[in-house]
Structure formats: C-alpha cells, structure tokens
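> Turn this into a structure:
(2 chains, ligands or ions: 2)
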Amino acid sequence: MDKYLNIDHVSIDFPTPNGPFRALDNVNLKIEKGEFVSIIGHSGCGKSTVMNIVGGLYKATEGGVVLEGREVDEPGPDRAIVFQNHSLFPWLSCYQNVELAVKSVFGASRSRKQIRDWVEHNLELVHMSHAMHKMPSEISGGMKQRVGIARALSMEPKVLLMDEPFGALDALTRAHLQDSLMDIQADLNNTVIMITHDVDEAVLLSDKIVMMTNGPAATISEVMEVNLPRPRKRLALTDNPDYNHYRSEVIHFLHERHARKVA
Amino acid sequence: MKDKLIYFLELTGFTWFIPLVRLSAGESPKHQMQELGKMVGVPLFAIAVFLFLWHLGAAKVITSLGQVPGPTQVWEQVNVLVDEHQASREREQAFYERQEQRNAARLEKNPDAEVTIRPYTGKETFFDQILTSLFTVFVGFLLATIIAVPIGIVAGLSDTLYSALNPLIQVFKPVSPLAWLPIVTMVVSALYVTDNPMFEKSFITSALTVTLCSLWPTLINTAVGVSSIDKDLINVARVLRLNYFTTVWKVVIPASIPMIFTGLRISLGIGWMVLIAAEMLAQNPGLGKFVWDEFQNGSSSSLSRIMVAVLTIGIIGFILDRITLSFQKFFSYDKNAVIR
Ligand SMILES: Nc1ncnc2c1ncn2[C@@H]1O[C@H](COP(=O)(O)OP(=O)(O)OP(=O)(O)O)[C@@H](O)[C@H]1O
Ligand SMILES: [Mg+2]
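Numbers count the residues shown, from 1 in each chain, chains lettered A, B, ... in the order given. Ligands and ions are numbered 1, 2, ... in the order given. Here you go, the predicted structure:
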C-alpha cells in the first residue's frame, strides 16, 4: 500500500571524533494525505533529526523518504519548515519575509497582483494583517511565529513541517496559536508533521501521535491514533474521558516506556 | 520632526547636539543641561587639560630645531598655512588672467592665431596635499573593498576555501607597509609604463600599498560574519531553493552587513595610517610628503608645521571613522544595536 508520505527504514549516523554516532535507527512511518501527526519524545532523542531528513536538510545514512512516489533528496518548498525560533529574516518586514518566499516559489507563474494578494491572504490567515509592515524586531514572539507559519503556508507545501513551533511561547499565546492552527487546518487540510514536548498540544491537534524512544539509535516506539471528533474545542475536551485517556497514555509513555525495547 | 532630527544626529554621530535639540523643543531643561554638560563639558575640559600639559611640557624640551612647539606656535602655523594657501590661489588666478589677457590681445590682432592655456604649476599647498591624501586613501581603500568583500563572502561560505586562504591571510596580515613599499614600487615601475600616464607612479604606489595593508581586516571580518550566519536562515534559503547568487544577495550579505562594516572601519583606519608612511617614502604629494619635506627642511617653524599635520591627520582619521560608522548604522538592519 502506497502512502502519501513514507519514511522508510531511515537510519542516520553523525560523524563525531569518536567515530560515527547513530542518532536514528530504522525509523518507519507512513503518513496519509491531510493527516496531522505529532512527534513526541524526550529531549535529544532525534525528533529534529527526523524532521530535517524529511525536509531534505540532512541525508539519511540508510533508507529514505518518499513523498507522493518521489524520493526526497534535497530541501524544497513542497516541504516547508517552520523553525523553532521563527527564523524570519530580521532585515525584512513581515510582508517582505512572506513575499520573498512567494516570489521564489511562484514568481514565474503569477502576476504581481496575484503575488501581493497571496502574501496578504496568508498573513490574514494567521491574523497578522494589522502588523504586516512591521519589522520582526518590532513584534512579539508569538507574532513572529505566526509570520513564520504564514511564510510556510504561502509555499503551498505538500507537507508542513513544524519543529516545536510554539515551544518558546507562554501558555496563553500558545493556546491562541494552537486554535488558529486548528482553524487553518480545518480550512486547508494540510499534511502536517509537528514536533512537540507538550502532551496537551499533541492530543489536541493530532490525528496520530508518534512516540520516540530515547537515543542514541532512537526509533519509533508507538504510534497512537487520536480519534476525537473535529472541530475540537479546548474547554469541552477537558471533561472528555477519551481525551483524558489519550493524555494519560502519552504521559505514561514518556515516564515509563520511553526506553528502547531490547529485542 | 524632532525625532527625525535626533535620529539623523545619532546616525551621523553628532550626538552632542541631541540635548540642544531636545532643549529647544522644551524638554525638561534641567535634565538636558546635565546631559549637555556630560557630553560637551567633560570632553572640553579634558581638551583644556591636555593643551595646558602640552604647553608646560613643550617648553622643557629643546631640540636642534629649537624648543618643541606648544599650542600657540602650532596655532600660528595653522594661520600661516591658510595664508600660504590663499596666496597661492591668488597667484594661480592671476596667472590664468594674464594668459587670457595675452590670448585676447593676440586674437584681436589676428583672429586665426592659435592660443593655448598653460596649466599652473605652482607648489601644492597644505590643503592641496590633504586632498591628494584623501583621494589616494579613497582609491586604495576602494580597491581593497572590491577585492576583500567578495573573497570574504565566498570564503565564509566554503570551509575548504577558508582553510586554503587562512594561512595566506595570517602571513600577509602583519606585514608592515614599509616592507610592501619597495616591492610595490618595483612592480609598478615595471608594469605601469605609458607615455602619457593618467596618474603619477607615486600615487599608484601609495594607493596600492594602502590596498595591500587594509585588505585583511575586511576580508577576515567578512568571512567570519558570513560563516557565523544563523544556520536556520541559510536553511530557509535552501528550502526556498534560492540559487547561489540570490542566496548571497538576499540572505548572506544583509545578514553579515554589520560584520562587513566593522571590517571596513578597521581597514579604513589602517589604510589612513599606512598612507602617511607610504607617501613619505613614495613621495606622493600628500600629507606624508608634507611631513617628510618639513623634516628635511629643518627650519625653526618645521616642528610646528609637522605638529599641524599630525593633528590634521588625527582629525581626518576621526572624521573618516565617523563617516563609516554612519554608513554602518544606515545599512545595518539592527538599528538598535550599539555600535561604537
Ligand atoms: N549535525 C549533528 N551532528 C552531530 N550530532 C547531531 C547533529 N544533529 C543532531 N545530533 C545528535 O543527534 C541526537 C538527536 O538530536 P535532535 O536535535 O534530533 O534531538 P531532538 O529530539 O530534536 O531534541 P530536542 O527536543 O531537544 O530538540 C542528539 O544526540 C544530537 O546530539
Ligand atoms: Mg529539536
């Protein structure tokens, strides 16, 4: 069976002074189109490495990634990345940051007006229209992350990769952004892989939660389907027994079963 | 309006005037007066103390050219040099007027007569020499920038190239201009042979020596600036599949502008210092030659005149630094960064 995105027996060695360091070992994951997948695991286990391999920034030592039947071998706008610390270009305004992305992806195929409308549309999706001509240094961390998401969405990626997108934000801002992301997701039905440390975030947003063992030679330990009806409402869910069940499963995993099973 | 003016003053380094602007806008007069005292009063006091100590110290040293000049003698020479400059300009004007009158007279007698205007060949004044020095350092520095920035960028992006260049940079960086000069002189004499030279050889030698010595700080700072760009920003460029040239133009250069300008400032400072030495030896008619000629001349006013040159060199060096600093602030995206 061919899935939309197939992470196929991926292992990676990083060269170190004491010989190669195996960070990931035999990571296998299949993702359907339109699925929202979270990766959760202890710090340093290799979550970012998985994402960087899917993004094409790192090359797997063994195995590979196949997206829509084609092997991934370099970075590209079809796998847009939202980085943990926003990584907006500080010398460009919010608008110009998104515009640079839109121009380099669609510059050849769209008119100037279409490009402008598309940039503005994406900034509106993340509720940043009011501040789009500000510089990144003039807006808050949450707003920067919104612009980073707008920039990624504007590339119309096949897969949206997010590395702890809300990790650096306070709880309230994070909740706001999670809600925005769910709204956007309901609209656009993107395929998303998101790394997170936050159990509630993972359960609230995901269709699937991928739990990774600790490194070195980390791999996927369990994949849990989250069958909660959408649209999901944060407050209503707090009393939902299924939601609490999923939560406690993940917490139990993180505290008890995270070690790699010795075969 | 007020804020714009203050921003402009900050950009250009005239921070002294900011309290005056605020004061005239009626902002808390007491606080502004204190600021003014701190910014203007304290430096003025320091200068006064310096002049006084100079005055005392100078009187104690007697050289073969007489007593070391104090502030008053130096100031006298400033006036002498200004007068000499004006006198020379008047002679020059008179010279051209005479020629024109003579030509006009000849044309009246014979309308077909061939008339020429010969250029004035008087000795350069102090102020002509300042201009020559500025032009020479500018050309040398420009050449150094044109060479150093692109190489720095490419080397910063490629570890291999950087390790290839690093030993060369480290070896040539500490070489004194006095060591370069003979080589540059010989090479220029060998290669620059035209019947009708656009520039004097001494000018080219001096400018190239400036280039050779001021190249390195820009090169190193650019390379370090480029190689320390946040990896995520480069990754964004990779995700967007920007080609090499676009990545350099849209990401690498804007991100490393602060470091490039730090290098340029150091380079210009070194270039200005080197220039004086180069001009002395190459006999390029600038400030260096002025100092050398006065030293050879050895009259009673020579030391004072050299002292004027020393202060002029210092003040111009300071102004050049302020100008690059303003450019740095203007081009840098991080307007709030404290740059000194
Ligand atoms: N470029 C690299 N070179 C060498 N080792 C690396 C490299 N990148 C990652 N590693 C190692 O691989 C392991 C996994 O790192 P990774 O950044 O993927 O962890 P992570 O799960 O994202 O952690 P965190 O939650 O703290 O972000 C770590 O032990 C790390 O030291
Ligand atoms: Mg990580």
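> Which of the three states applies to the closest residue to B:Cys213 other than its chain neighbours?
Leaving aside its sequence neighbours, B:Cys213 sits nearest to B:Val274 (CB to CB, 6 or more residues apart in numbering or on different chains; 4.4 Å). Heads up, the C-betas are built off the backbone N, CA and C, glycines and all. Assigned state for B:Val274: helix (three-state reduction, DSSP: H, G, I helix; E, B strand; the rest coil).
> burial of B:Val274, as a residue count?
Residues within reach of B:Val274, counting by other CB atoms under 10 Å in any protein chain shown, total 25.
> With the one 4 residues further on instead?
Using other CB under 10 Å, B:Ala278 has 32 other residues around it.
> What helix or strand is it located in?
Here B:Ala278 sits within helix B:253-282, counting by DSSP states H and E.
> ok now that helix, how far from the chain's centre?
Mean-position distance between helix B:253-282 and its chain equals 8 Å (CA atoms, centre = their mean, to the nearest Å).
> Where does the prediction get shaky in chain A?
Within chain A, the segments meeting pLDDT under 70 span A:1-2, A:258-263.
> Spell out the secondary structure type for the residue nearest in space to the middle of it.
By CA atoms, centre = their mean, the mean C-alpha position of chain A lies nearest to A:Met162, the distance being 2.3 Å. Under three-state DSSP, the three-state class of A:Met162 is strand.
> The residue in the stretch 151-263 of chain A positioned nearest to chain B - nearest residue in space that isn't next to it in sequence?
Nearest residue of the stretch 151-263 of chain A to chain B: A:Met155, at 7.7 Å (CB to the nearest CB). With CB to CB, 6+ apart as the criterion, A:Met155 has its nearest non-adjacent residue at 4.0 Å, and that residue is A:Pro77.
> Would you mind listing the residues in contact with the residue nearest to B:Ala277 when sequence neighbours are not counted?
Among residues not flanking B:Ala277 along the chain, B:Pro177 sits closest, at 5.1 Å (CB to CB, 6+ apart). The contact partners of B:Pro177, by CB atoms under 8 Å, 6 or more residues apart in numbering or on different chains, come to B:Thr209, B:Val210, B:Leu212, B:Cys213, B:Val274, B:Ala277, B:Ala278.
> any idea how far B:Pro177 is from B:Ile62?
Distance, B:Pro177 to B:Ile62, using CB to CB, to the nearest Å: 32 Å.
> Would you report the backbone torsion angles of A:Phe14?
Here is the backbone geometry of A:Phe14 (degrees, to the nearest 10): phi -100, psi 140.
> mind giving me the domain ranges of the chain?
Since you didn't name a chain, this refers to chain A. A:1-77+A:163-263, A:81-156 (automatic domain parsing).
> that answer is for a different chain, and I need it for chain B
By the assignment in automatic domain parsing, chain B contains the domains B:2-60, B:66-109, B:126-331.
> if I look at A:Thr49, how far off is A:Ser137?
In terms of CB to CB, A:Thr49 sits 30 Å off from A:Ser137.
> And those two? Which one has more around it.
Remark: of A:Thr49 and A:Ser137, A:Thr49 carries more neighbours, 21 against 13, as counted by other CB under 10 Å.
> so what's the residue of the stretch 151-263 of chain A closest to chain B up against?
A:Pro77, A:Asp78, A:Ala80, A:Ala101, A:Val102, A:Val105, B:Val239, B:Leu240.
> at 6 Å what do you get?
A:Pro77, A:Ala80, A:Ala101, A:Val105 (CB atoms under 6 Å, 6 or more residues apart in numbering or on different chains).
> Can you pick out the most distant pair from the residues you listed?
Farthest-apart pair in those is A:Ala80 and A:Val105; separation 9.1 Å (CB to CB).
> and those two? which has more neighbours close in?
Under the neighbour definition other CB under 10 Å, A:Ala80 and A:Val105 were set side by side, and A:Ala80 has more, 28 against 23.
> Wait, the more buried one touches A:Leu153, no?
No: using CB atoms under 6 Å, A:Ala80 makes no contact with A:Leu153, being 7.4 Å away.
> Can I get the domains of chain A in a markdown table including distance to B:Gly122?
Below are the domains of chain A laid out as a markdown table (distance: least, CB to CB, whole Å):
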| stretch | distance to B:Gly122 |
| --- | --- |
| domain A:1-77+A:163-263 | 67 |
| domain A:81-156 | 51 |
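> can I assume A:Ser11 sits in a helix?
No: looking at A:Ser11 with three-state DSSP, it is strand, so not inside a helix.
> Touching, it and A:Gly64? I think so.
No: in this structure, A:Ser11 is not within contact of A:Gly64 by CB under 6 Å, at 10.4 Å.
> Around residue 100, how many other residues sit close by?
No chain specified, so I'll use chain A. Neighbours of A:Leu100 (other CB under 10 Å): 23.
> should've been chain B
B:Glu100 has 12 neighbouring residues, counting by other CB under 10 Å.
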